[in-house]
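Participant: Predicted coordinates and the sequence they were generated for:
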Amino acid sequence: MLHSPLFDSSSKAKLSLTSINAHRSFPAALQPSAMGPRRQFIDPKLILNRLNWSKKATSADKSFTKVRQPELGKRKTTCVYGRRAEETVLQEESPVMLDTIPSSKVFPGQAHPLGVSEVENGINFAIFSQHATSVTLCLSLPESSIVSATIQLIDERRGRKNFNFPIYGDSFSRGKHEKLDVGMIELPLDPHVNKTGDIWHISVEDLPRSKFLYGYRIDGPRDWQQGHRFDRSIVLIDPYAKLIEGRRVFGDVSDKASNFLGTYDFNTLPFDWGSHYKLPNIPEKDLVIYEMNVRAFTADESSGLHKDIRGSYLGVIEKACFWLLLSKCLVDYLDTPRDLIFMESWSGIGIVVRIMYESIPHLLELGINAVELLPVFEFDEFEFQRRPNPRDLLINTWGYSTINFFAPMSRYASAGGGPVHASQEFKEMVKALHKVGIEVILDVVYNHTNEADDAHPYTTSFRGIDNKVYYMVDVNNSGDLLNFSGCGNTLNCNHPVVMELILDSLRHWVKEYHVDGFRFDLASVLCRGTDGAPLSAPPLIRAIAKDGVLSRCKIIAEPWDCGGLYLVGRFPNWDRWAEWNGKYRDDIRRFIKFNAAVGLQGDTGMKATFATRVAGSADLYKVNKRKPYHSINFITAHDGFTLYDVVSYNFKHNDANGEGGNDGCNDNFSWNCGYEGETADTNITALRSRQIKNFHLALMASQGTPMMLMGDEYGHTRYGNNNSYGHDTGLNNFQWEQVCAVFQFSFDRFFSEMIKFRHSRHVFGRENFIGKSEITWHEDNWDNNESKFLAFTLHDGNGGDIYLAFNAHDYFVKIPIPSPPQRRHWVRVVDTNLESPEDFVPEGVPGIGNTYRVAPYSSILLEAKP
């Protein structure tokens, strides 16, 4: 472990490589015959990139001086992550001596940009900490075929000192665990030389340009009551690290204790987005959003993908859209109908294709044009298993526990490829989705981090760097962390430094990864001041709305938090922000689920509210220049019941979550249709089927932006668990075999046809709020609280009117059908009481008379056609 003199220009300090102690035979690139006659850099995948080796050539053959094979050195190291790490003890024997000593110089560095950057004289490191009294840069490499070297610190005033330093010999093995706790050197920063304002910085010459690991030890005041949590024993992650190295394989139980460090990559060429690449730029009024989890989408064996691809960014490509491009070639080549061709696996080397009855370009067939990905920032799926507790069998599969705001989740790389591959494959996923017209919206968590609370902290970064700046603390109450997130800490979002961190992170994802928008988890936290008090004009919210880089992006708020700041319809917006409309979810459920027979309370008198919601929630969003599409309409989302469970359970069943059933929402506004959970009763299953289709019809026929949940299209169940964040199982994973099952296929077809119908009829996605001439309510009984029937006609101005009726009663309702526009007649497109495929007929069924009997718990859609 290095305790070096302070690095400053007067001392002319520098690092010198004086010996090599190889733990194995030298790779071919290091053999004398492999080295050219002129001074050159060694292959970066074999030895420290850009580390100069001195070569001695003869006048005759310009050969190199022979290198003696050394004896193995003896060394003793301690884990740098230990609570009180001790100094490394080195014993070197018979080192290999070079004829000339090359050097790695250390410079004061520069304050900007924060994070790691490549500068003319090496690699620059910069980190913010206002209250730190000392900062030490820690450098290391994963243990992968390590070649160790002795680095000599030369200080003309203070003499010399040697330190052992590992150098990796081969490129990283994909999927192989790389230990992060070996061979770390430490470079203390001089506050008089390596600090500008509150930013600490240093530049090191001749470091590798990729796959090098780094972190910081930071010390400062130990005054807990003032909000400080410094602990020099912990190596911390740079908040601006663009990549994070740690555990390579998701859920690898043999590597639960893996630590995380920052890394970087300046070797990889800029990503090739393609000469004909373009952003989808879909108007907000035309969006249909599909909320999904990258891992859960293909993690199940039923996906048919190779195990190295399942649960990865590449898995999304294969199951969502890659097959579409492949099938266009294979249809002609194999002379086989498209729906018989199924891509079984793709490893990046070859493609295995088999012929079977299965439709694969799922998202395209479904008709959605935007995916909202659950968190894809780096997180630790084993965070619940760090200590014995009732939840220590859970694996975090949702990802709402961010370690770093810039790094893509590395364990979503295929085959355990690590952070560099994760970055590249994420871009491949975005590129592929964009190519088929699907936008990518990220669910981002800037309200809290993984570092938990003061009782059981998991210090990895912000807490140890400058807790008082990065988190809201109550200095009037012993300096305790404020908790508006429900997760133990609250990010201090409107502090200028934290606000700039968030903006830099968002810009990074837009510029580097080409994402199209963001959904902000618990966004009301972002509306609180540094003391936790709500702000009427939060600086961060305004900055996001006005930022030039983010101007093309969709920005969506989850307008509430765990501190009671409920801002649905009132979220500060600057006419840019959309909102998850929680009132839409609740009101649509309460109207459609009604069952007078069991005496459910609180759901009467919902007809007028239901009408308001399907018409665009003007009561909430018709303010200033806001539009109907600023209401993100949804029935279900990742937290809460799935759509199948909304019609199958009256109560949550969360015992498997380890919290005694105390987690998850109690107000689900659900109805089990007569039996709690699974049943073989055909009357109940038929009713549930109707209710699912009723919900989907209402969602797709409403003004605003519809969002549906992954798996609802085939009736995915979590068996009543409405908070399944910790289950890396079929409880969350998409069940591909059910997509084509006879019962579920009727759902999938209905969902797909209804989405496509919405896309093709402009009356459902209006730019502005509906005026009186654009809708006719067939209702004169608004004040009847017992009425659960509503009918209305949407007028398109060209005669292509749409008539809808929803019957939430438990009896038939015979209704008069209004006259169609001139030279038009009504056709039935939807009747949810009918079996598939008669429940949805895209071209319409003619013969509609002057009346129609709408079945109990069902709905219809008629279209006026020439």
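Facilitator: Looks like it came in fine. Numbers count the residues shown, from 1 in each chain.
Participant: give me the low-pLDDT residue ranges for the stretch 251-400 of the chain?
Facilitator: For the stretch 251-400 of the chain, applying pLDDT under 70 flags the ranges 321-360.
Participant: Identify each buried residue in stretch 133-141, please.
Facilitator: Buried positions in stretch 133-141, judged by neighbour count with 16 or more other Cβ atoms under 10 Å: 134-141. For glycine as for every other residue, the C-beta is placed from the backbone atoms N, C-alpha and C.
Participant: Walking through the stretch 301-450 of the chain, point out its strands one by one.
Facilitator: Remark: strands assigned in the stretch 301-450 of the chain by DSSP state E, counting those that start in this stretch are 341-346, 351-355, 370-373, 439-444.
Participant: Tell me how far the closest residue to Val525 other than its chain neighbours lies from Gly479.
Facilitator: Once flanking residues are discounted, Val525 sits nearest to Asn447: 3.7 Å by Cβ to Cβ, 6 or more residues apart in numbering. From Asn447 across to Gly479, the span is 20 Å (Cβ to Cβ, to the nearest Å).
Participant: higher neighbour count, those two?
Facilitator: Between Asn447 and Gly479, counted using other Cβ atoms under 10 Å, Asn447 has the larger neighbour count: 26 against 18.
Participant: close enough to count as contact, the more buried one and Thr490?
Facilitator: Yes. With contacts defined as Cβ atoms under 8 Å, Asn447 counts as touching Thr490 at a distance of 6.6 Å.
Participant: Quick check: neighbours shared by those two?
Facilitator: 484, 525 (Cβ atoms under 8 Å, 6 or more residues apart in numbering).
Participant: Could you tell me what pLDDT the model assigned to Asn785?
Facilitator: If you check Asn785, the pLDDT there is 89.
Participant: Give me the below-cutoff pLDDT ranges for the chain.
Facilitator: Scanning the chain for pLDDT under 70 picks out the ranges 1-104, 142-183, 321-360, 594-602, 742-745.
Participant: again, 80 this time
Facilitator: Within the chain, the stretches with pLDDT under 80 are 1-104, 141-183, 320-360, 594-604, 740-745.
Participant: and Asp655, how many neighbours?
Facilitator: Asp655: 11 surrounding residues under other Cβ under 10 Å.
Participant: For the remainder of this discussion, apply numbering that starts at 24.
Facilitator: From this message on, residue numbering opens at 24, which makes the last subject Asp678.
Participant: Run through the residues that contact the closest residue to it other than its chain neighbours.
Facilitator: Distance criterion Cβ to Cβ, 6+ apart; nearest residue to Asp678, sequence neighbours excluded, is Gly684 at 5.7 Å. By Cβ under 8 Å, 6+ apart, the contact list for Gly684 reads 675-678.
Participant: Would you map the helices across the stretch 174-323 of the chain?
Facilitator: Secondary structure of the stretch 174-323 of the chain (DSSP state H, counting those that start in this stretch): helices at 317-321.
Participant: And for the stretch 674-823 of the chain?
Facilitator: Using DSSP H, counting those that start in this stretch, helices in the stretch 674-823 of the chain cover 705-724, 759-762, 765-783.
Participant: Please tabulate these in CSV, including the columns mean neighbour count.
Facilitator: CSV is the format used below for the helices of the stretch 674-823 of the chain (neighbours: other Cβ atoms under 10 Å):
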stretch, mean neighbour count
helix 705-724, 21
helix 759-762, 19
helix 765-783, 19
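Participant: how about the ones you listed, which one is nearest His329?
Facilitator: Nearest to His329, of all these, is helix 759-762, at 14.2 Å by Cβ to Cβ.
Participant: which strands and helices sit next to that closest one?
Facilitator: Counting contacts by 3 or more Cβ pairs under 8 Å, 6 or more residues apart in numbering; DSSP states H and E, helix 759-762 is packed against helix 765-783.
Participant: Identify all contacting residues around the helix it packs on.
Facilitator: With contact meaning Cβ under 8 Å, 6+ apart, helix 765-783 is reached by 309, 311, 388-392, 712, 715-716, 719-720, 723-724, 729, 731, 735-738, 761-762, 787-788, 852-853, 858-860, 862-863, 865.
Participant: Could you rerun that using 7 Å?
Facilitator: Outside helix 765-783, the residues that touch it by Cβ atoms under 7 Å, 6 or more residues apart in numbering are 311, 388-391, 715-716, 719-720, 723, 736-738, 761-762, 787-788, 852, 859-860, 862-863, 865.
Participant: what does stretch 529-549 give?
Facilitator: With Cβ under 7 Å, 6+ apart as the test, stretch 529-549 has contacts from 302-303, 395, 423, 429, 449-450, 453, 462-470, 507-508, 513, 516, 561, 563-564, 567, 572-573, 576-585, 588, 590, 594.
Participant: and the end-to-end length of that stretch?
Facilitator: Terminal residues of stretch 529-549 lie 14 Å apart, using Cα to Cα, to the nearest Å.
Participant: Centre of the chain to that stretch, how far?
Facilitator: Distance of stretch 529-549 from the chain centroid (Cα atoms, centre = their mean, to the nearest Å) equals 10 Å.
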